[in-house]
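1. coordinates only, sequence not included:
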């Protein structure tokens, strides 16, 4: 009987360790890390934006996430940013960010607009400047 109890105890420890790892490798955990990173940047007007976490990829102790920041005033305006994160224990920390449009795009993350062109053929906003 004692051996059975020891077995169940060890099995529960192993299973709880596995489930903890899965909780760290979640979209929610990455979103929490990105939100913590953004909260430290006082020059951002986050109250004016909706944060949308797109694709998240995990590879060992690193993760990448594509994030779209959409204007609350004009939902057709959005900024896409690619995040690289590093796992530190049971949490993630942002290591770097790059515009999702890649090198040569807007330095603020590639503002995009899905709004139709104006009658004069000009897209409402093409950069964040």
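-> Thanks, I have the structure now. In this text the structure is predicted, and so the values were computed from the model without any measurement.
2. Where does pLDDT dip in this structure?
-> The model of the chain has pLDDT under 70 over residues 1-22, 101-129.
3. All the helices of this structure, residue numbers only.
-> Secondary structure of the chain by DSSP state H: the helices cover 2-24, 27-39.
4. what's the last one packed up against?
-> Where contact means 3 or more Cβ pairs under 8 Å, 6 or more residues apart in numbering; DSSP states H and E, helix 27-39 is packed against strand 49-59, strand 62-71, strand 77-88, strand 91-99. (Glycine included, C-beta is placed from N, CA and C.)
5. which parts of the longest one are buried?
-> Applying a neighbour-count criterion of 16 or more other Cβ atoms under 10 Å, the buried positions in strand 77-88 are 77-83, 85, 87.
6. Now do that strand: which elements does it pack against?
-> With contacts defined as 3+ Cβ pairs under 8 Å, 6+ apart, strand 77-88 has these neighbours: helix 27-39, strand 62-71, strand 91-99, strand 111-113.
7. What lies in contact with the first one?
-> The contact list for helix 27-39, computed with Cβ atoms under 8 Å, 6 or more residues apart in numbering, reads 23, 44, 46, 51, 53, 56, 63, 65, 67, 83, 85, 91-94.
8. wait, doesn't residue 92 sit right on residue 26?
-> No: using Cβ atoms under 8 Å, residue 92 is not in contact with residue 26, being 9.7 Å away.
9. which of those two has more neighbours?
-> residue 92 (28 against 13; other Cβ atoms under 10 Å).
10. any idea what sits nearest that one, other than its immediate chain neighbours?
-> Closest residue in space to residue 92, ignoring its immediate chain neighbours: residue 33 at 3.7 Å, by Cβ to Cβ, 6 or more residues apart in numbering.
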